[in-house]
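Colleague: I would like the atomic coordinates for the input below:
(one chain, ligands or ions: 1)
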Amino acid sequence: MQSAPSGAAVSVREAYKYYGSSKSPKVILDRLNMTVPRGAIYGLLGASGCGKTTLLTCIVGRRKLKSGDVWILGGRPGSVGSGVPGPRIGYMPQDIALFGDFSIRDTMFYFGKIFGMSNAEVEERAVFLHRMLELPPDDRLVINLSGGQQRRVSFAAALLHDPELLILDEPTVGVDPVLRQRIWDHLMYITQTGNKTVIITTHYIEEARQAGTIGLMRNGTLLAEDAPSELLVLYGCRTLEDVFLLLSRKQGRNNQDVVADAEDPDETANNQRNAIQQLQIQHHRQQDNIRRASLEVVSHHQDEQGMNLQRNTTTASTATLTNNADDMHIPSGQRRQLKNRASIAGKMESLLKKNILRYWRNLGVMLFILGFPLLQIGAFFLAIGHDPRHLPIAIVNDEVPWYRAGPGPSYTGGPLFVESDRCMGMSVPGCNMTRLSCRFLDTLDPQFVTKRFYSDVKSAQDAVKKGDVWGTLHFGANFSVGLEERNEKGKDTSDLALEMGELSVWLDMSDRQISLLLKKQILDAYKTFFRELLFDCELNHKYGEIPIQFKPPVYGVEYPSYTMFMAPGVILTIVFFLSTGITCTTMISEVHEGIWDRALVTGITAGEILLSHVLTQLLVLFVQSIECLLLSFFLFGMESNGSILLLTSLTVLQGFCGMCFGFLISIVCENISAANYLSIGSFYPMILLCGIVWPLEGMPTGLRLFSLQLPLTRSTDSMRNIMTKGWGIQEPGVYEGFVATIIWIVALLALCVLGLRIKKG
Ligand SMILES: Nc1ncnc2c1ncn2[C@@H]1O[C@H](COP(=O)(O)OP(=O)(O)OP(=O)(O)O)[C@@H](O)[C@H]1O
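Modeller: Residues are numbered from 1 along each chain as shown. Here you go, the predicted structure:
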C-alpha cells in the first residue's frame with residue numbers, strides 16, 4: 001500500500017470505480033490519477049456524466065473505490081484522526097442538499113453548530129457571506145428561493161466554517177456572470193496564502209482558466225492535469241475548450257504522443273504565442289481581482305468592527321490588505337480549536353432542531369402527525385361495531401283480522417303492507433292466551449327493527465327478494481291456540497298444535513352481521529315474551545327457557561361489543577403504521593435530497609443521524625399514543641380494567657417497532673414510491689393476519705402459527721388481556737406481547753445494520 005504523498009492536499013491513485021454488477025460493470029473511474037496541490041484552486045473539467053461527482057464523492061468518503069487509493073489532507077477519508085469527514089473540509093454537493101423548511105439563517109446555524117461555532121462566530125460569518133454572495137434576506141425559507149439563490153446558500157454553508165479544503169461541485173451553475181466572477185475572486189483570495197485548497201467542478205470551461213491547476217476528465221481518466229497556461233502553451237491552443245477537444249480526439253484515436261500529433265507546426269507555434277499573450281493579460285486581471293476582493297473583504301470587516309474607514313480612503317498596500325483580510329477567516333490556531341469544538345452535543349442539537357423544524361414548519365406534515373390518528377380513531381369508533389338500527393322486517397300475522405289500509409278496497413296493485421301496526425292496542429296483558437302474536441311483536445325492539453305488515457306470505461317474500469325487508473315473520477291464524485296447548489299439555493301436545501304455535505321466519509342471510517343479529521333479536525324477543533307470560537300466569541319462568549344458564553362472565557361483559565374486540569389492534573396498527581410511514585418518508589427524502597450525505601461529510605455519523613430521528617420519532621410517537629388512548633377512553637368510552645401505564649407503554653413500543661420497520665424500508669427501497677408499495681403492501685396482511693378483525697382460532701393451524709410470529713399479533717392480544725381481564729405484566733398473556741415486540745425491534749434493527757452493510761459494500 002502506498003503512503004500519503006507529501007505536499008498534495010488531495011491525491012488519487014489508480015482509482016477504479018464502476019456502477020452495476022461486476023459482470024457488466026459501467027466503469028466510471030478507470031485507473032484515474034489526480035493530484036491537487038495544497039493552496040491551489042483545482043478545476044475539474046469534463047463533459048456531463050464523465051464521473052466528476054463520483055470522483056468527488058469518493059474523495060470525501062461518501063463512495064468507495066473498487067480499487068485504488070485516495071488521500072485527503074494527509075490521511076484516508078474516514079480514517080481515524082484524518083479529520084475527513086469533518087470540519088477540515090467544506091463540501092458543496094451538486095444537489096442543493098439543504099432543508100427547504102429552514103430559513104437562510106437556520107441553515108447557517110445548523111451547519112455552524114455542527115462545526116462547534118459560537119453564535120457570534122456564525123453571525124459574523126453569515127453577515128460576510130450574505131454580503132459577498134448577495135443572498136436574499138435571512139428569514140427567507142430555502143424552499144422559496146430560486147435555484148441560483150439556493151445554490152448560493154449551499155455555497156455559503158460550505159464556506160461558513162472556513163475549512164482547509166473546499167470541494168465544490170458546480171457552485172456557479174445558475175449564477176449571473178458578475179457574481180460568478182466574485183465567487184472566483186473569493187476563491188483566489190482565500191487560496192493565495194497557501195493555507196486553503198479548492199477543488200471545483202464547472203461546466204464553464206473558460207472560467208476554469210482562473211484555477212491554478214485543471215484536470216480534464218474524460219472516459220474515467222484525466223486527459224491532462226496542469227496549470228491552464230501550461231496546457232494552452234503545451235498544446236498550442238487558444239482556449240481550454242480547444243485543448244479539451246484536441247485531447248478528446250486524441251484519446252479517441254488512442255494516440256500515445258498527443259503533442260507530437262499537432263496538425264500544423266506553424267499554427268501550433270502561433271497559437272502558443274497567442275496563448276502566452278492571453279495568459280499575461282489574464283494574470284494581470286487575476287491580480288486585480290484578488291486586490292479588489294481583498295479590499296472588499298477588508299472594508300466589510302472594518303464596517304463590522306465599527307472602524308468607519310471609508311473604502312475609497314483605504315490606501316494600505318495590497319500586502320497589508322491581504323494580511324488584514326485574512327483576519328476575516330479563522331486563523332489556523334483558532335481553526336484547530338474549531339475542529340476540537342465540534343461536539344456530539346452540538347451535532348445533536350443541530351440534528352434535533354432540524355428534525356423538529358421539519359415537522360413544525362410544515363403544516364401538512366403537522367396535520368398528518370397530529371390529526372391523522374384522531375381521524376382514524378374517530379372513524380373507527382363511530383363506524384365499527386354498533387348494532388344496525390331500524391332494520392325493516394315483514395310481518396304476516398294471520399291471527400289478527402286484516403284489512404287493507406291506505407289504498408282502499410279498490411286497490412289492485414303495489415305493495416300490500418300498511419304502515420301501521422295492526423296489533424296496535426290489541427295485545428292482551430296478563431295471563432291471557434289470546435292474540436299472543438301481538439304480545440310477542442310488542443317485545444321486538446323498535447330501535448332495532450321496523451315492522452312492516454303484509455297481508456300474505458307471498459307478498460312479504462317478494463319484498464324480501466326485492467331487498468325491501470330483511471326477512472319475513474309469519475304467525476299462523478291459530479298461533480295463540482297452539483302455544484296455549486303446548487303450555488298446558490307439555491309432552492302430550494299434538495303435532496298439529498305444535499305446528500300451529502310455531503312462528504315461521506325467512507331471513508335474507510346475505511349479510512352475515514345483520515342476519516345473525518336479527519336471529520338473536522327474534523330469539524331474545526321470544527324469551528322475553530314467554531318469560532313475562534309465564535310470570536303473569538304465576539308459573540316459574542325457567543320452565544319456558546332452555547336449561548342452560550349463563551352466569552355472570554368471568555371476564556368482560558355479558559354482551560361484548562365488536563368495537564372493543566377490535567379497538568386494541570386498531571390502536572396499535574394506527575400507531576405502528578403511522579410511525580412506519582413517517583420514518584421511511586423522512587429518511588428517504590433526506591437521502592434523496594442529499595441531506596444525509598452532506599451531513600455525513602460534515603463529520604456527523606450515521607448513528608448520530610439515526611439517534612436524532614429515533615429521539616424525534618419517540619416524541620411524535622408518545623404524542624400520538626397519548627392522543628389515541630385519550631380519545632378512545634374519554635370520548636368513545638373505551639374501558640380498561642388494567643394498568644393505563646402498561647397500555648401506553650405497549651402502544652409506544654409498537655410505534656417504536658413501526659419506526660424500525662420504517663428504517664428498514666428506507667434502506668431497502670430506493671425511492672418513496674417503492675417504500676409506499678412496501679408499507680401499504682404489508683399493512684393489509686398485518687391487519688388480516690394479526691387477529692385484529694377475527695380471532696386467530698378461526699385460522700388454519702399453519703397460518704395461525706405464522707400469524708403468531710407477526711409483530712402485531714401478540715401485542716394486540718396482550719392489550720386485550722390488559723383491558724378486559726385487567727392482567728398485569730406478570731401474566732404470560734401480557735408480557736409475551738412486550739417480549740415479542742422487543743424481539744421484533746431487535747430483529748428489525750439487526751436487518752437495518754445488515755442492509756446498510758450490504759449497501760455500503
Ligand atoms: N448510483 C449510480 N448508479 C448507477 N450509475 C450512476 C450512479 N451515479 C451516477 N451514475 C452514472 O455514472 C456516470 C457519472 O455520473 P456523475 O454524476 O459522476 O457525472 P458528472 O460528471 O458529475 O456529471 P454532471 O456534470 O452532469 O454532474 C453517469 O453516467 C451517471 O448516470
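
Colleague: alpha carbons only for contacts and neighbour counts from here, please
Modeller: Noted.

Colleague: at the geometric centre of this protein, which residue sits there?
Modeller: residue 585 (2.0 Å; CA atoms, centre = their mean).

Colleague: what's the first helix or strand after the helix or strand containing residue 459?
Modeller: In this structure, residue 459 sits in helix 457-465 according to DSSP states H and E. Of the helices and strands lying after helix 457-465 in sequence (DSSP H and E), the nearest is strand 471-475.

Colleague: each with direction, which strands does that following strand pair with?
Modeller: For strand 471-475, the pairing partners within the sheet under DSSP bridges are strand 391-397 (parallel), strand 503-507 (antiparallel).

Colleague: and the longest one, how far out from the chain's middle?
Modeller: The reference is to strand 391-397. 53 Å (CA atoms, centre = their mean, to the nearest Å).

Colleague: output it as PDB, restricted to C-alpha atoms.
Modeller: Only the C-alpha atoms of strand 391-397 are listed here, as PDB (Å, rounded to 0.1, in the frame of the first residue of the first chain):
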ATOM      1  CA  LEU A 391     -83.900  -2.900  10.000                       C
ATOM      2  CA  PRO A 392     -87.200  -3.400   8.100                       C
ATOM      3  CA  ILE A 393     -88.800  -6.800   8.500                       C
ATOM      4  CA  ALA A 394     -92.100  -8.100   7.000                       C
ATOM      5  CA  ILE A 395     -94.800  -9.300   9.400                       C
ATOM      6  CA  VAL A 396     -97.600 -11.500   8.200                       C
ATOM      7  CA  ASN A 397    -100.000 -12.000  11.100                       C
END
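
Colleague: just to revisit the earlier point, which parts of the helix holding residue 459 are buried?
Modeller: Within helix 457-465, the residues scored as buried using 16 or more other CA atoms under 10 Å are 457, 459, 460, 461, 463, 464.

Colleague: what's the answer for stretch 513-522, then?
Modeller: 514, 515, 518, 521, 522.

Colleague: element containing the second one?
Modeller: Here residue 515 sits within helix 512-536, counting by DSSP H and E.

Colleague: on that earlier part again, make a markdown table from the buried residues of helix 457-465 and add distance to residue 691 to it.
Modeller: Shown next, in a markdown table, are these (distance: CA to CA, whole Å):
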| residue | distance to residue 691 |
| --- | --- |
| 457 | 42 |
| 459 | 43 |
| 460 | 40 |
| 461 | 38 |
| 463 | 38 |
| 464 | 35 |
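
Colleague: from those, pick the one nearest the ligand.
Modeller: The ligand lies nearest to residue 464 out of the buried residues of helix 457-465, by CA to the nearest ligand atom, at 64.3 Å.

Colleague: contact partners for the closest one?
Modeller: Taking CA atoms under 8 Å, 6 or more residues apart in numbering, we find residue 464 in contact with 394, 470, 471, 472, 507, 508.

Colleague: neighbour-wise, which of these leads?
Modeller: Neighbour tally across the contacts of residue 464 (other CA atoms under 10 Å): the maximum, 30 neighbours, falls on residue 394.

Colleague: name the residues linked to that one by a beta bridge.
Modeller: residue 452, residue 472.

Colleague: quick check: it vs residue 28, distance?
Modeller: 79 Å (CA to CA, to the nearest Å).

Colleague: check which helix or strand covers residue 171.
Modeller: Per DSSP H and E: residue 171 is located in neither a helix nor a strand.

Colleague: please read the previous query as pertaining to residue 148.
Modeller: helix 147-159.

Colleague: pLDDT of that helix, averaged?
Modeller: For helix 147-159, mean pLDDT rounds to 91.

Colleague: helix, strand or coil for residue 736?
Modeller: helix (DSSP: H, G, I helix; E, B strand; the rest coil).

Colleague: show me how far whichever strand or helix holds residue 706 is from its chain's centre.
Modeller: Using DSSP H and E, residue 706 maps to helix 701-708. Taking the mean of its C-alpha atoms, helix 701-708 sits 30 Å from the chain's own mean (CA atoms, centre = their mean).

Colleague: could you point out which element follows it?
Modeller: By DSSP H and E, the next helix or strand past helix 701-708 is helix 713-720.

Colleague: can I get that next one in PDB? Just the C-alpha atoms.
Modeller: Extracted as PDB, the C-alpha positions of helix 713-720 are listed here (Å, rounded to 0.1, in the frame of the first residue of the first chain):
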ATOM      1  CA  THR A 713     -50.400 -10.400  17.000                       C
ATOM      2  CA  ARG A 714     -49.200 -11.000  20.500                       C
ATOM      3  CA  SER A 715     -49.200  -7.300  21.400                       C
ATOM      4  CA  THR A 716     -52.900  -7.000  20.300                       C
ATOM      5  CA  ASP A 717     -53.700 -10.000  22.400                       C
ATOM      6  CA  SER A 718     -51.700  -8.500  25.300                       C
ATOM      7  CA  MET A 719     -53.600  -5.200  25.100                       C
ATOM      8  CA  ARG A 720     -56.900  -7.100  25.100                       C
END
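
Colleague: gap between that helix and the chain center?
Modeller: On CA atoms, centre = their mean, the centre of helix 713-720 falls 26 Å from that of its chain.
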